[in-house]
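**Q** No sequence on hand, only this structure:
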């Protein structure tokens, strides 16, 4: 009733207007106002149809009160025009409110090309999605991930292949490239971007493709056979082997191996080397430049020097292959000389392949230098010009001295030692003190050799005290004539007697020396000085006064 009364008043006002009592603008304003109030009370719809992109409020009676549908926003509104436009890409509107603009997606998100959004009212009426739901419109794109509600790019070495809604767990994860492999940039969008091999890693193009497939399986969480995909177990790349290196980079198509060989046969100290600067000459080796290409060779064991002597060589430490100090035509300059007459024999672990085998030996230190038994080493006092080390020289020990007993390694002063007092060796190159023996005419005791007194003898090397001559015999007072029993001559005034004063001439000298020599009887004399001297009858019927007389 109140509404009808108001309408009547309005109409009456209109009549007043016709009679010139009301201003037309006032009449229009009042008419609209009261019409709206009446319409709200009576739920009378005066608008036959709202704009196609608008929807009326539950009690709307005027297009002034219409709202945009989801995915649209109110772009223009007047008393006579209500216009809604579709939300542009990367924005959304829940609709059913009179907003004048769409909400923008957060930075870093993108629309999923797989989702087709309505750009016209007709498309919306035909079932196309509208930009009304934030999580459907604003998705985390490939190559990015969501962390603490901020969209960031996947770091190098990771990738994401799909669009994900911000409320999905998959939006929060970037998937790792296989071990030892990375990407060339950030924000990688698929596993094929994992084509940059890390420094020191050995891989070929076929292995890389297989690794990328494994990475794709790990991204889905399931391997091709349906089991859980564990990329770290499934792919374990090798490191560049000894003697090779790789600085890292993109693997070329058809590549057989990323690792490159070190120049001139040089090698590396470990697997997984990353630079040509890691290529070095190991201990015990040098680079032989006599042929091209140059090659890595062990230091020579025996070389005849310009002075006619022989020498062995060794070399210590790792040195870059480019150093002139390790490049030589025969190793005499690149390696260190043991010394004159000092040879070398490999006794140090070969480090060229990791030093894992005691069967592989090289001459890498002075402990590979050696001398043979019967030799001695002395320091010559000269400094080796190439190493600033003292120079050594070995010699075969001369007569009457002795050297090392066994083959001896290492460069130390070990000169030949002299034999004890009055002892000799039976030749040069004695290797033990036991080879020092008594010479002819000298007896042996713990202090050395002692000259035999007259009437005694000793042969060289007997290692016995002087032996007395048999009774009635003596020696000359000269060691050279005191060597054996055959040097024991019949003494003066004596003669041999074997049951007959005339000895058997068929006896050997040793047998003769063992004949008893007795004092000559009266009337006889003994001249002595012979091995088988006999007593002689005094001449001219003369006689002697006593036994054991000599010719006066």
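**A** Done, it's in. The shown structure was predicted, so the numbers you read here are calculated from the model rather than taken from an experiment. Numbers count the residues shown, from 1 in each chain.
**Q** Quick check: nearest residue in space to residue 323, chain neighbours excluded?
**A** Nearest residue to residue 323, sequence neighbours excluded (Cβ to Cβ, 6 or more residues apart in numbering): residue 281, at 7.6 Å. Any C-beta I mention is one placed from the backbone N, CA and C, and that applies to glycine too.
**Q** Can you show me the strands along the stretch 401-550 of the chain?
**A** 401-402, 408-409, 417-418, 442-445, 448-451, 456-457, 467-468, 473-474, 489-490, 494-496, 517-519, 524-525, 536-537 (DSSP state E, counting those that start in this stretch).
**Q** Now do the fourth one: which elements does it pack against?
**A** Just to be clear, that refers to strand 442-445. Contact here means 3 or more Cβ pairs under 8 Å, 6 or more residues apart in numbering; DSSP states H and E; on that basis strand 442-445 packs against strand 448-451.
**Q** Measure how far the strand it packs on is from the centre of its chain, please.
**A** Chain-centre distance of strand 448-451: 63 Å, with Cα atoms, centre = their mean, to the nearest Å.
**Q** ok, the nearest residue to residue 533 once chain neighbours are set aside - contacts?
**A** Nearest residue to residue 533 in three dimensions, chain neighbours excluded: residue 490, at 3.6 Å (Cβ to Cβ, 6+ apart). Taking Cβ atoms under 8 Å, 6 or more residues apart in numbering, we find residue 490 in contact with 472-473, 496, 517, 526, 528-533.
**Q** redo that, cut-off 7 Å
**A** The contact partners of residue 490, taken as Cβ atoms under 7 Å, 6 or more residues apart in numbering, are 472-473, 496, 517, 526, 528, 530, 533.
**Q** Put together a markdown table for those residues, with neighbour count on each row.
**A** Putting the contacts of residue 490 into a markdown table (neighbours: other Cβ atoms under 10 Å) gives the following:
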| residue | neighbour count |
| --- | --- |
| 472 | 23 |
| 473 | 24 |
| 496 | 27 |
| 517 | 27 |
| 526 | 27 |
| 528 | 19 |
| 530 | 13 |
| 533 | 24 |
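**Q** and which of these is nearest residue 269?
**A** residue 473 (79.8 Å; Cβ to Cβ).
**Q** what sits against the nearest residue to that closest one once chain neighbours are set aside?
**A** Once flanking residues are discounted, residue 473 sits nearest to residue 488: 4.0 Å by Cβ to Cβ, 6+ apart. Contacts for residue 488 (Cβ under 7 Å, 6+ apart) come out as 457, 469-470, 473-475, 513.
**Q** one more time with 8 Å, if that's ok
**A** Residue 488 neighbours (Cβ under 8 Å, 6+ apart): 455, 457, 469-470, 473-475, 513.
**Q** and what of residue 160?
**A** Residue 160 neighbours (Cβ under 8 Å, 6+ apart): 140, 142-145, 154, 173-175, 188-189, 219.
**Q** what residue ranges in the stretch 101-250 of the chain are flagged as low confidence?
**A** Along the stretch 101-250 of the chain, the parts satisfying pLDDT under 70 run over 221-235.
**Q** Helices of that one, start to end?
**A** For the stretch 101-250 of the chain, the helices defined by DSSP state H, counting those that start in this stretch cover 121-125, 134-137, 205-220, 231-234.
**Q** For residue 438, find the nearest of the ones you listed.
**A** helix 205-220 (79.5 Å).
**Q** Can you give me the pLDDT of the residue nearest to residue 533?
**A** Residue 490 is assigned a pLDDT of 94 by the prediction.
**Q** ok, now residue 94?
**A** At residue 94, pLDDT is 91.
**Q** pretty sure it contacts residue 70?
**A** Yes - between residue 94 and residue 70 there is a contact under Cβ atoms under 8 Å: 5.9 Å.
**Q** which residues are in contact with both of the two?
**A** residue 132.
**Q** Okay, and the beta partners of the residue lying closest to residue 326 once chain neighbours are set aside?
**A** In this structure, residue 326 finds its nearest non-sequential neighbour in residue 281, 4.5 Å apart by Cβ to Cβ, 6+ apart. In this entry, residue 281 is beta-bridged to residue 319, by DSSP bridges.
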